[in-house]
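Enquirer: Build me a structure from this.
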Amino acid sequence: MAENETLDLWSPSNRRWQAFFDSIVRGDSPDALADEAIACLCRIFKRLPSLLPLKELLDAARSGPVAAKRVARRCRRGRDYAELMAQQASFQSDPVAIITGVALAALDRILEQIKSKVVPGQAFPDFCEFTKLRNAVVMRVAPRIESLARKVAEAPDQGPRMPPVRKAERERQQRALLAFSLQPCSGTHG
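Expert: This is a model prediction of the structure:
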């Protein structure tokens, strides 16, 4: 994985959300998209403690937004997430609420970037169709983000455990991998 976590979906160093984007383009169900979004967020929050002082940021947020912004400015890697935490500290001081807000804001930024790529298009002819999908995904993911936030707040220097992959999703991934591996090579060999 790249040295930095960023919220720029199109950055060459950021492949974290690519599977989520591909799932949207494929037309996966809101449940499958929610699973993919949670998996992305878990991986991000698992990696963040190695990139920025997550515990220090959360402690500073309890003191107020000024302290949180001061700590966020010192962060070089994972800066997008540090800035989101400082912004969330302006609204609340509870670590669970801050992490929940950061996760929802990150998901929202990613969805906005995806919307700019896929609307208008075959799957989403207008913004209304994409907004329906977005709302369905957020509705399904919000309670799970709160659970993730509690785990991160309990042990900010560690990462949360990855959620188990549903059996149907694992089987779908295995079929896709098998189909890919059975495709004939298109190159010429000499």
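Enquirer: Kindly list the longest helix within this protein.
Expert: helix 127-154 (DSSP state H).
Enquirer: The residue positioned nearest the centre of the chain: which element?
Expert: The residue lying closest to the centre of the chain (C-alpha atoms, centre = their mean) is Leu41, at 3.8 Å. Element membership for Leu41, per DSSP states H and E: helix 30-51.
Enquirer: now swap in Ile99 and tell me
Expert: Going by DSSP H and E, Ile99 is part of helix 95-118.
Enquirer: got the angle for that helix vs helix 30-51?
Expert: 120 degrees (axes from the mean of the first three to the mean of the last three C-alpha atoms, to 10 degrees).
Enquirer: name the helices or strands packed onto helix 95-118?
Expert: helix 18-26, helix 30-51, helix 54-63, helix 79-89, helix 127-154 (3 or more C-beta pairs under 8 Å, 6 or more residues apart in numbering; DSSP states H and E). The C-beta positions use only the backbone N, C-alpha and C, and glycine is treated the same way.
Enquirer: Mind doing that once more with 6 Å?
Expert: The elements that helix 95-118 packs onto, with contact taken as 3 or more C-beta pairs under 6 Å, 6 or more residues apart in numbering; DSSP states H and E, are helix 79-89, helix 127-154.
Enquirer: what angle do the longest one and helix 18-26 make?
Expert: Counting by the same axes, to 10 degrees, helix 127-154 lies at 150 degrees to helix 18-26.
Enquirer: Could you count how many residues lie near Arg134?
Expert: 20 (other C-beta atoms under 10 Å).
Enquirer: mind checking how far the closest residue to it other than its chain neighbours is from Ile24?
Expert: Setting aside the residues directly before and after it, Arg134 is nearest to Leu111 in space (C-beta to C-beta, 6 or more residues apart in numbering), at 5.3 Å. Plainly put, Leu111 is 9 Å away from Ile24 if you go by C-beta to C-beta, to the nearest Å.
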